[in-house]
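> no sequence for this one, just the structure:
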């Protein structure tokens, strides 16, 4: 099986590569159209800014390539957000695979009556619920995954896992061959590895 | 529900852990990677590696270490200690570190915070503040590993750091550090209640109650400790059971 990790300006690819290696899978990191198109699985990671990432993808014509892919593709963190319709981060028009808007967490919301504010970014381990889709095979409800983000995808009919922080949002989404996870599978302990391994096993 | 994080801290010199480490099941107590794997299996939520090496070979050794840690553990980790440029930070992040902690260099050149946040995102930038409560009742910033006092208040510096783009604050109370008498609840509470980024409390952990107090009374988002973990005085699985019995959300 060949796995291609899309190379662009917002990748934090090393950790994803290491996580795949721990699962016994090697991947190539590439921005070459033929290598991405012919791969069995494609991973679209991302840490950074939506606006500059989209600009770069367009410049390299990777935007058209990504939406045309037919094999299973997994967007991680910013990767998930870029697969959505638009993002409030820099009012960016994104790839539009999912008809979902990515919003910024409201600040000045309080966690408790002691007026402790919710912190942004949403950083740390949080639970996922309402799990469906083969991506979540064998993952128990309320499992903890590692999140770091200030923007979130709204809930929709394509939500396959949701998380509560300030509001309920999509922790994972699925449409046809496209999957997206807001948490970092590569940094989420054995649960993260299970989800990554489920992705590799999707036909 | 977002879990409160438990973070063991490893002091590194020339690629090896320093400070005493004493427990079973570790073949080589000096190897940071073995220790990191042990902690991650025990349920640590994150790790911090603090490099105190002073030699010119430092960066090479640190990058090698970061690679080995990243390829062997499946939880996030922060690297800090003498990182003073975007290039330094880039190399460590490229090799698998999740966050970079900056301290003295950021105080001397606050623009470093802004540059790093712009380049890598705020979530990568941890502002470490060493602070001491003086006889006037105020908490001041100390630099150079606590050896150099400044006239700046820790709270003012934290606010400035957040304005410049840091995504998290690692707050170490020098009054409490090493005492094992509990975290500094007053300053931690002030930070947690009024600042918009997550606060990691550090310094003073001695008992499991100290962790409960810093989470419940001081509303810390995370608690960091070294020796109580390294000497096996507190075991992470027990600590988490203890905290969850007190309705503190922890990752199981």
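Perfect, I can see it now. This structure is a prediction, so every number in the text was calculated from the model and none was measured.

> Contacts only, for the nearest residue in space to residue A:7 that is not next to it in sequence.
Computed as Cβ to Cβ, 6 or more residues apart in numbering or on different chains, the closest residue to residue A:7 that is not its neighbour in sequence is residue A:31, at 4.4 Å. In this view, the C-beta of every residue, glycine as well, is placed from N, C-alpha and C. By Cβ atoms under 8 Å, 6 or more residues apart in numbering or on different chains, residue A:31 lies in contact with A:6, A:7, A:8, A:60, A:62.

> Most neighbours among those, which one is it?
In terms of neighbour count, residue A:6 stands highest of the contacts of residue A:31 at 27 neighbours, by other Cβ atoms under 10 Å in any protein chain shown.

> how near is the residue nearest to residue A:7 to residue A:37?
From residue A:31 across to residue A:37, the span is 12 Å (Cβ to Cβ, to the nearest Å).

> who touches the biggest helix by length in chain A?
In chain A, taking DSSP state H as the definition, the longest helix is helix A:189-201. With contacts defined as Cβ under 8 Å, 6+ apart, helix A:189-201 is touched by A:1, A:3, A:19-20, A:22-23, A:25, A:41, A:72, A:74, A:134-139, A:143-146, A:179, A:181, A:183-186, A:188, B:40, B:74-75.

> still on that earlier bit, ok, so of the contacts of residue A:31, who is nearest chain B?
The closest of these to chain B turns out to be residue A:7 (Cβ to the nearest Cβ; 12.6 Å).

> Could you verify my assumption that that closest one touches residue A:28?
No. In this structure, residue A:7 is not within contact of residue A:28 by Cβ atoms under 8 Å, at 9.1 Å.

> picking that back up, buried residues in the longest helix of chain A, which are they?
Buried residues in helix A:189-201, counting neighbours by 16 or more other Cβ atoms under 10 Å in any protein chain shown, are found at A:189, A:191, A:192, A:193, A:194, A:195, A:196, A:197, A:198, A:199, A:200.

> out of the contacts of helix A:189-201, which are buried?
A:3, A:19-20, A:22, A:25, A:41, A:72, A:74, A:135-136, A:139, A:143-146, A:179, A:181, A:183-186, A:188, B:40, B:74-75.

> Which ones among those map onto strands?
A:3, A:41, A:74, A:143, A:144, A:145, A:146, A:179, A:181 (DSSP state E).

> Just give the nearest non-adjacent residue to the second one, would you?
On the basis of Cβ to Cβ, 6+ apart, the spatially nearest residue to residue A:41 that is not a chain neighbour turns out to be residue A:3, at 4.7 Å.

> Write out the residues of the stretch 101-250 of chain B neighbouring chain A.
Applying Cβ under 8 Å from any Cβ of the partner chain, one finds that the stretch 101-250 of chain B approaches chain A through B:120-124, B:167-168, B:192-194, B:196-199, B:219, B:221-222.

> now with 10 Å?
B:118-124, B:167-168, B:189, B:192-199, B:217-219, B:221-222, B:249-250 (Cβ under 10 Å from any Cβ of the partner chain).
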